[in-house]
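Visitor: Pasting the sequence and the predicted model now:
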Amino acid sequence: MAKAKTETGVYRVTEIIGTSSTSWEDAAKNAVETAAKSLRDLRVAEVSQLDMKVENGRVVAYRARVSLSFKYQT
């Protein structure tokens, strides 16, 4: 019986913040899509915090803090 190849590697987790004037979902999506332009092999994105920017009593921006993991190239 053949053994399954086990994937090994080293991963980094970094925290980024995305913004949107529309929604938290768009803020998180913007964070990941922007990071993907300069980071390769993104693996997992976890939203860790949501907040809003308020000016004059009105919400002007949604912000999503995202923990993003990517694999180091070997």
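Guide: Now that the structure is in, tell me what you want to look at.
Visitor: if I pick Ser21, what's in contact with it?
Guide: 60-62 (Cβ atoms under 8 Å, 6 or more residues apart in numbering). The way it works is simple: take the backbone N, C-alpha and C, and place the C-beta from them, glycine included.
Visitor: Relative to Ser67, how far out is it?
Guide: 23 Å (Cβ to Cβ, to the nearest Å).
Visitor: if we can go back for a sec, considering the contacts of Ser21, which is situated nearest to Val10?
Guide: Tyr62 (32.9 Å; Cβ to Cβ).
Visitor: Quick one: mean pLDDT for the host helix or strand of that closest one?
Guide: Assigned by DSSP states H and E, Tyr62 belongs to strand 58-71. For strand 58-71, the mean per-residue pLDDT is 95.
Visitor: Below-threshold pLDDT in the chain: ranges please.
Guide: For the chain, the stretches flagged by pLDDT under 70 are 1-7, 74.
Visitor: how about a cut-off of 80?
Guide: 1-8, 73-74 (pLDDT under 80).
Visitor: Can you list the residue ranges for strands in it?
Guide: Using DSSP state E, the strands of the chain run over residues 11-20, 42-55, 58-71.
Visitor: Using PDB, write down the CA coordinates of the first one.
Guide: It refers to strand 11-20. Extracted as PDB, the C-alpha positions of strand 11-20 are listed here (Å, rounded to 0.1, in the frame of the first residue of the first chain):
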ATOM      1  CA  TYR A  11       3.700  29.500   6.900                       C
ATOM      2  CA  ARG A  12       3.600  33.100   8.000                       C
ATOM      3  CA  VAL A  13       0.600  34.800   9.500                       C
ATOM      4  CA  THR A  14       0.300  38.500   9.000                       C
ATOM      5  CA  GLU A  15      -2.400  40.900  10.000                       C
ATOM      6  CA  ILE A  16      -3.800  43.400   7.400                       C
ATOM      7  CA  ILE A  17      -6.700  45.800   7.400                       C
ATOM      8  CA  GLY A  18      -9.100  46.300   4.500                       C
ATOM      9  CA  THR A  19     -11.500  49.200   4.100                       C
ATOM     10  CA  SER A  20     -14.700  49.800   2.100                       C
END
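Visitor: Having no further points to raise, I will conclude here.
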